[in-house]
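Undergrad: please work out how this folds:
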Amino acid sequence: MRRKITNSELNETIADLKRKGRQNKARAWLRVAEFLGKPKRSRTAVNVSRIARNTKKDDTVVIPGKVLAAGSIDHPVHVGAFKFSHTARTKIEKAGGSCVTLSRLSEDHPKGTNVRILR
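TA: Below you'll find the predicted structure:
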């Protein structure tokens, strides 16, 4: 039997994404909520280098997990994730990008269009 998620911030984020996904008929937010609801050991951890390889200038990316600092990035991207390491946040912002929470990103892009999910 699977244990209940005890992280209240994570529970609120999942509920918010599901609500916005249903209201706006946005499958992207429902899919991100599904990924966040998985067990912690199978949650996504993405390095800055992977974001750099898989994006172009001014892309919007969703990471259903944590962004880590390995690698470098040389173009601005808008990244929404559940958590950021301090160094990863610094690298992304230094390249001219932005780091926001998943709830904030779902407010900015309610339909989930032009948003790429990286896992």
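Undergrad: C-alpha from now on. contacts and neighbour counts both.
TA: Noted.
Undergrad: residues touching the spatially closest residue to H109 that is not a sequence neighbour, list them.
TA: If you skip the residues right next to it in sequence, H109 has V115 as its closest partner in space, 7.8 Å away by C-alpha to C-alpha, 6 or more residues apart in numbering. Residues in contact with V115 (C-alpha atoms under 8 Å, 6 or more residues apart in numbering) are D59, T60, V61, V62, H109.
Undergrad: redo the residues you listed as CSV? Include secondary structure, neighbour count and pLDDT.
TA: Below are the contacts of V115 laid out as CSV (DSSP: H, G, I helix; E, B strand; the rest coil; neighbours: other C-alpha atoms under 10 Å; pLDDT from 0 to 100):
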residue, secondary structure, neighbour count, pLDDT
D59, coil, 17, 94
T60, strand, 21, 95
V61, strand, 21, 96
V62, strand, 25, 96
H109, coil, 15, 93
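Undergrad: still on that earlier bit, if I look at the residue nearest to H109, how far off is P39?
TA: Taking C-alpha to C-alpha, to the nearest Å as the criterion, V115 is separated from P39 by 24 Å.
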